[in-house]
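Student: give me a model of this one.
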Amino acid sequence: MYTLSPFEETRLDVLHALISRHPLATLVTHGAAGLSADHIPFEIAAATPDAPFGILRAHVARANPLWRQSGNVLAVFQGEDGYISPSLYEDKPLTGKVVPTWNYAVVHAHGPMRAIEDPAWILALLERLTAQHEAPLAVPWVIADAPPAFIDKLLTVLVGIEIPVTRMEGKWKMSQNRSANDQRTIGAATGLTVPSL
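Tutor: Numbers count the residues shown, from 1 in each chain. Alright, predicted model coming up:
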């Protein structure tokens with residue numbers, strides 16, 4: 001990913017926070033048929049010696065050929081984004097030499113993908129994902145709300161995937177190349193700012 005130094009984000013806690021807020025990744029693989037992209041929600045786990053940038057975990061339907069892929073993959077997590085009008089720049093009335101742009105935050109996670117067919121592993125993942133995404137609801141759904149036989153059957157038609165992240169790139173293009181005044185004006189108008197974690 002092309003990234004100018006003002007837009008580069010390397011803080012692991014900031015990168016993980018974006019993934020947690022926007023867990024739906026575009027997962028890019030390369031197989032016999034060429035490039036393929038699937039859209040899958042992931043969880044991010046802490047770094048380990050084998051995964052210095054964390055571990056991504058998800059599940060797919062057994063019918064999805066994705067889980068049979070091997071080799072390195074790329075997971076792209078798109079964060080906040082928005083159009084930036086030249087009318088927000090302090091130079092517009094002075095010189096007119098301004099153009100529109102698009103501000104955005106994105107994380108690219110690279111690593112080898114492996115399939116996991118262990119029902120206990122898949123169930124634990126489903127329980128964590130469900131708890132995370134149901135938490136804001138007044139009456140959260142839990143897996144135990146479904147009949148056990150239904151869940152047992154579900155576990156036979158799902159496959160887990162795990163990606164130990166070996167490289168992670170973050171880009172926060174939030175007008176850091178503009179004046180401090182422009183950055184404040186744009187942030188106030190759009191809510192798009194550099195993370196302060």
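Student: now residue 42, what are its backbone angles?
Tutor: phi -120, psi 160 (degrees, to the nearest 10).
Student: how about it, what does it touch?
Tutor: 19, 23, 25, 56, 57, 58, 75, 77 (CB atoms under 8 Å, 6 or more residues apart in numbering). Heads up, the C-betas are built off the backbone N, CA and C, glycines and all.
Student: SS state for residue 28?
Tutor: Classification of residue 28 by DSSP: H, G, I helix; E, B strand; the rest coil places it in strand.
Student: ditto for residue 184
Tutor: helix.
Student: just residue 63 next, same as before
Tutor: coil.
Student: ok, how many other residues are close to it?
Tutor: 9 (other CB atoms under 10 Å).
Student: now the helices for the protein?
Tutor: Assigned by DSSP state H, the chain shows helices spanning 12-21, 119-134, 148-156, 180-190.
Student: residues contacting the residue nearest in space to the middle of the chain?
Tutor: Residue closest to the mean C-alpha point of the chain, counted by CA atoms, centre = their mean, is residue 77 at 2.8 Å. By CB under 8 Å, 6+ apart, the residues touching residue 77 are 18, 19, 22, 23, 24, 25, 42, 106, 107, 108, 109.
Student: next one: residue 54
Tutor: 12, 16, 44, 45, 46, 47, 109, 165, 168.
Student: roughly how far does it sit from residue 166?
Tutor: 10 Å (CB to CB, to the nearest Å).
Student: mind listing what's buried in the lowest-mean-pLDDT helix or strand in the chain?
Tutor: The helix or strand of the chain with the poorest confidence is helix 180-190; it has a mean of 91 (mean pLDDT, DSSP states H and E). For helix 180-190, the neighbour count (16 or more other CB atoms under 10 Å) marks 182, 183, 185, 186, 187, 190 as buried.
Student: ditto for stretch 123-139
Tutor: 123, 125, 126, 129.
Student: the third one touches residue 59, doesn't it?
Tutor: Yes - the pair formed by residue 126 and residue 59 meets the contact definition of CB atoms under 8 Å, at 7.0 Å.
Student: hmm, who's touching the least confident helix or strand of the chain?
Tutor: Under CB under 8 Å, 6+ apart, the answer for helix 180-190 is 82, 84, 88-90, 103, 174-176, 178, 192-194.
Student: which of the residues you listed lies closest to residue 6?
Tutor: residue 176 (4.0 Å; CB to CB).
Student: what's the burial count for residue 145?
Tutor: Neighbours of residue 145 (other CB under 10 Å): 10.
Student: okay, strands next: where are they in this structure?
Tutor: Using DSSP state E, the strands of the chain run over 8-9, 24-31, 34-41, 43-45, 55-61, 72-84, 101-112, 114-116, 158-164, 167-173.
Student: what mean pLDDT does the last one have?
Tutor: I take that to be strand 167-173. Mean pLDDT, strand 167-173: 97.
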